[in-house]
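**Student:** This is a predicted model, with the sequence first.
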Amino acid sequence: MAEKVVTVSAPSVVVHRDADVLAKAVAARIITRLVDAQSATGSASIVLTGGTVGIATLAAIAATPARDAVDWRHLDIWWGDERFVPTGDKERNETGAREALLDHVDVDQERVHVMRGPDSGMTAEESAASYAAELRAAARPEDHGPVPSFDVMLLGMGPDAHVASLFPGMPALYDTRSVVAVHGSPKPPPTRISLTPPAIHAAREVWVVAAGSEKAGAVRLALSESGPVQVPAAGARGRLRTLFLLDRAAAGKIPPELGRLSSP
């Protein structure tokens, strides 16, 4: 069987003044993107991320009256990764997302797709397989694969250029499954569940959101010709659109030849 060729988009860069403005600007983009998708098809899907800016973005959505333009009952909510700790643990991306946004809007809980923790009775491998099955069940024939064509996927990025729980050089970066268990994470907690590069590439749009000068070197590498095994963010690309949404500090080492679109 011929190897499937995945076509992804080249990244564009948008720079905002600081982390606070960045979170508010990304929040506004999310609302617009979801409203547009729901206007076209009646529903929408988003993949959430954790981290300081990721959770601040969700809080910014909750704080704006414009959030009511989204039909929250017709939104599928997924996660790009999760820490394999019990439900309700402060380390979980789900916990932060619920506190910042999901507890404040009328979501359909059956469309909030969480990655199960050890309190479910599952091992990390079983949790990953369960999430992969849930993604497969949600995929439609027109998605042409084992995961839905997410309308937008949010990804944070670490100073080491990791995205989701895909850390440089780790086996998960070679995996062809859509979801894997990650053991020995260099960032605690050591056990996690993560989408893999093939699942990321299924998204219509991938938005990498980063703030702070400690991310500047990773941003530069992610926008260069670096390989995605050593620089996972260099492989974070959507099918139709890829955005790097940054504050000025995170954008500080982008070379002029890569270009960028700055905002106030």
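**Tutor:** Now that the structure is in, tell me what you want to look at. Numbers count the residues shown, from 1 in each chain.
**Student:** Give me the below-cutoff pLDDT ranges for this structure.
**Tutor:** 1-6, 257-264 (pLDDT under 70).
**Student:** Tell me where it has helices.
**Tutor:** Counting by DSSP state H, the chain has helices at residues 19-41, 51-63, 93-100, 124-138, 197-201, 216-222.
**Student:** May I see the buried residues of the longest one?
**Tutor:** So that's helix 19-41. 19, 21-27, 29-31, 33-34, 37-38 (16 or more other C-beta atoms under 10 Å). Every residue, glycine included, has its C-beta placed from N, CA and C.
**Student:** which one of these sits closest to Pro65?
**Tutor:** Nearest to Pro65 out of the buried residues of helix 19-41 is Ile31 (C-beta to C-beta; 10.4 Å).
**Student:** so who does the closest one touch?
**Tutor:** Ile61, Thr64, Ala66, Arg67, Ala69, Val70 (C-beta atoms under 8 Å, 6 or more residues apart in numbering).
**Student:** Could you do Gly96 as well?
**Tutor:** Here Gly96 is in contact with Gly50, Gly54, Ile55, Leu58, Lys90 (C-beta under 8 Å, 6+ apart).
**Student:** my guess is the first one contacts Gly156, does it?
**Tutor:** Yes. With contact defined as C-beta atoms under 8 Å, Gly50 reaches Gly156; the gap is 6.7 Å.
**Student:** rewinding a little: just send the helices of the chain back as JSON lines, with distance to Pro11 too.
**Tutor:** Below are the helices of the chain laid out as JSON lines (distance: least, C-beta to C-beta, whole Å):
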{"stretch": "helix 19-41", "distance to Pro11": "15"}
{"stretch": "helix 51-63", "distance to Pro11": "17"}
{"stretch": "helix 93-100", "distance to Pro11": "23"}
{"stretch": "helix 124-138", "distance to Pro11": "24"}
{"stretch": "helix 197-201", "distance to Pro11": "13"}
{"stretch": "helix 216-222", "distance to Pro11": "8"}
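**Student:** So which of these is nearest His144?
**Tutor:** Relative to His144, the nearest member of the helices of the chain by C-beta to C-beta is helix 197-201, separated by 11.7 Å.
**Student:** what does the closest one contact?
**Tutor:** Outside helix 197-201, the residues touching it (C-beta under 8 Å, 6+ apart) are 6, 8, 80, 135, 145, 147, 153, 155, 163-164, 166, 173, 176-179, 206, 228, 232, 235-239.
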